[in-house]
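**Student:** what follows is a protein structure lacking sequence information:
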């Protein structure tokens, strides 16, 4: 089965929705125009319930099918990024410093397309919860929506999400039945020493030299403390120290990120970071304070839900365009909180080239919106058939 005919009929409408969203990007949890646009469309489509103000600007729309049955959740993220757009498109951002550089305008559009179809046809049992989430890029809106109780409030039994992927062929689905995207955590080490004149280093305790030694040791953790078959990335991405070329500073700050999939690996990385910071500090006569900021957990698909999602995707895209052996991504995604709460699957939908996500010249490919909307719609119809 290709793109659903009814959804194909309003592909032009979907393009218009997406480009309105693209021209009006908003950040984080503060999405008043975006949320109002989505709520207005859901009511226009005849969605039975529209619940606003979840996680500040998130929404859940509910469509009732034919008779009693379970509730399936479909999720789209809505927020943009703090980037100046460089696409040159007619529908480019009208807000300087903000743009939809990750395709969340497209994700929202695909779920709106599915909402319109499902509200028209209602060819399923039970209910569908249409989850429009803020703050995926920063703030963990997925975690907040789960914490505010959407899974229990709407009786969601399973949950699914899509993300566009410029690196894959247009209309092709990629996923795997397990860990798909990494957990992301951050660390900061403050090194304190004794500053002074650079001509007299023996009278100082140089925090910059200690920080440099820490960086070298930290980057050895994945190579020397981790099994080669387990994935781990540790990157020191910032080092701030000093104000002049002839002054040894009294303080240095270094910070970075940890990407992992298993809790034991994450714990080991935290332990070794602390040991290295304290050990190097002691050896070089300075002190070190380390702080960890635990971020999004790993995105781990449920095997059964993944097999089901792949079968649905094959109806839409054909066998050759559905791949269930996707390589793990070291990027992170806060849909992980929803997958921790309920079984489900996260998939990538190829858009056939172009600049990668988070690039100022990136733009969502409107041609894949009917594909994603059809996939969402068929997920519901196949998961909760009327007969």
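**Tutor:** That came in fine, so what should we check first? It should be emphasised that the depicted structure is a prediction, and the values quoted were computed from it without experimental measurement.
**Student:** quickly note the distance from residue 9 to residue 124.
**Tutor:** Per CB to CB, to the nearest Å, residue 9 is found 20 Å from residue 124. Where you see a C-beta, it was placed from the backbone N, CA and C, and this is true even at glycine.
**Student:** give me the more crowded residue out of those two.
**Tutor:** Remark: of residue 9 and residue 124, residue 124 carries more neighbours, 25 against 11, as counted by other CB atoms under 10 Å.
**Student:** how about the closest residue to that one other than its chain neighbours, what does it touch?
**Tutor:** Distances taken as CB to CB, 6 or more residues apart in numbering place residue 65 nearest to residue 124, at 4.0 Å, with adjacent residues excluded. Residue 65 makes contact with 122, 123, 124, 125, 126, 127, 128, 380, 384, 386, according to CB atoms under 8 Å, 6 or more residues apart in numbering.
**Student:** mind checking pLDDT for residue 65?
**Tutor:** At residue 65, the pLDDT value in this model is 98.
**Student:** in strands only, show me the contacts of residue 65.
**Tutor:** Per DSSP state E, strands hold the following members of the contacts of residue 65: 127, 128.
**Student:** out of the contacts of residue 65, which are buried?
**Tutor:** Buried subset of the contacts of residue 65 (neighbour count, 16 or more other CB atoms under 10 Å): 122, 123, 124, 125, 126, 127, 128, 380, 384.
**Student:** most widely separated two among the residues you listed?
**Tutor:** Using CB to CB, the two most remote members of those are 123 and 127, lying 13.3 Å apart.
**Student:** surely residue 97 is within a strand?
**Tutor:** No. Counting by DSSP: H, G, I helix; E, B strand; the rest coil, one finds residue 97 to be coil, located in no strand.
**Student:** quick one: it and residue 82 touch, right?
**Tutor:** Yes. Residue 97 is within contact range of residue 82, at 5.9 Å (criterion: CB atoms under 8 Å).
**Student:** one step back: possible to save the contacts of residue 65 as TSV with pLDDT and distance to residue 293?
**Tutor:** Shown next, in TSV, are those (pLDDT from 0 to 100; distance: CB to CB, whole Å):
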residue	pLDDT	distance to residue 293
122	98	45
123	97	45
124	98	41
125	98	43
126	98	39
127	98	37
128	98	35
380	98	37
384	98	40
386	95	47
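**Student:** just the helices in the stretch 201-350 of the chain please.
**Tutor:** Residue ranges of the helices in the stretch 201-350 of the chain, as given by DSSP state H, counting those that start in this stretch, are 207-218, 221-224, 263-284, 303-317, 336-341.
**Student:** so for residue 24, which of those helices sits nearest?
**Tutor:** Closest approach to residue 24 among the helices of the stretch 201-350 of the chain (CB to CB): helix 336-341, 25.8 Å.
**Student:** check the offset of the closest one from the chain's centre.
**Tutor:** How far helix 336-341 lies from its chain's middle: 12 Å, per CA atoms, centre = their mean, to the nearest Å.
**Student:** torsion angles phi and psi at residue 102?
**Tutor:** phi -130, psi 0 (degrees, to the nearest 10).
**Student:** list the contacts of the residue sitting nearest the centre point of the chain.
**Tutor:** In the chain, the centroid-proximal residue (CA atoms, centre = their mean) is residue 333; its distance is 2.8 Å. Applying CB under 8 Å, 6+ apart, we find residue 333 in contact with 136, 163, 181, 296, 299, 346.
**Student:** doesn't residue 163 make contact with the last one?
**Tutor:** Just to be clear, that refers to residue 346. Yes. Counting by CB under 8 Å, residue 163 is a contact partner of residue 346 at 7.1 Å.
**Student:** just to revisit the earlier point, residue 174 is nearest to which of the helices of the stretch 201-350 of the chain?
**Tutor:** Closest to residue 174 of the helices of the stretch 201-350 of the chain is helix 303-317 (CB to CB; 9.5 Å).
**Student:** got the buried residues for that closest one?
**Tutor:** Buried, per 16+ other CB under 10 Å, within helix 303-317: 305, 306, 308, 309, 310, 312, 313, 315, 316, 317.
**Student:** what mean pLDDT does it get?
**Tutor:** 98.
**Student:** change the start of the numbering to 630 and stick with it
**Tutor:** Got it, first residue is 630 now, which makes that one helix 932-946.
**Student:** who are the packing partners of it?
**Tutor:** strand 785-794, strand 802-803, strand 951-952, strand 973-979, helix 998-1012 (3 or more CB pairs under 8 Å, 6 or more residues apart in numbering; DSSP states H and E).
**Student:** outside of that helix, which residues touch it?
**Tutor:** Under CB under 8 Å, 6+ apart, the answer for helix 932-946 is 630-632, 787, 789, 800-802, 804-807, 950-951, 953, 972-974, 976, 1000, 1003-1004, 1007-1008, 1011-1012.
**Student:** name the nearest residue to residue 950, ignoring sequence neighbours.
**Tutor:** Counting by CB to CB, 6+ apart, residue 950 lies nearest to residue 801, which is 4.2 Å off, once chain neighbours are set aside.
**Student:** what about the strand or helix carrying residue 704, average pLDDT?
**Tutor:** In this assignment (DSSP states H and E), residue 704 forms part of strand 700-706. When pLDDT is averaged over strand 700-706, the result is 98.
**Student:** quick check: angle from it to strand 785-794?
**Tutor:** Strand 700-706 runs at 30 degrees relative to strand 785-794, counting by axes from the mean of the first three to the mean of the last three CA atoms, to 10 degrees.
**Student:** residues contacting strand 700-706, please?
**Tutor:** With contacts defined as CB under 8 Å, 6+ apart, strand 700-706 is touched by 691, 733, 736-737, 739-740, 743, 755-763, 765, 770-771, 779-780, 783-791, 964, 967, 971, 973, 1005, 1008-1009, 1012-1013.
**Student:** buried only: go through these for me.
**Tutor:** Among the contacts of strand 700-706, those buried by neighbour count (16+ other CB under 10 Å) are 691, 733, 736-737, 739-740, 743, 755-763, 765, 770-771, 779-780, 783, 785-791, 964, 967, 971, 973, 1005, 1008-1009, 1012-1013.
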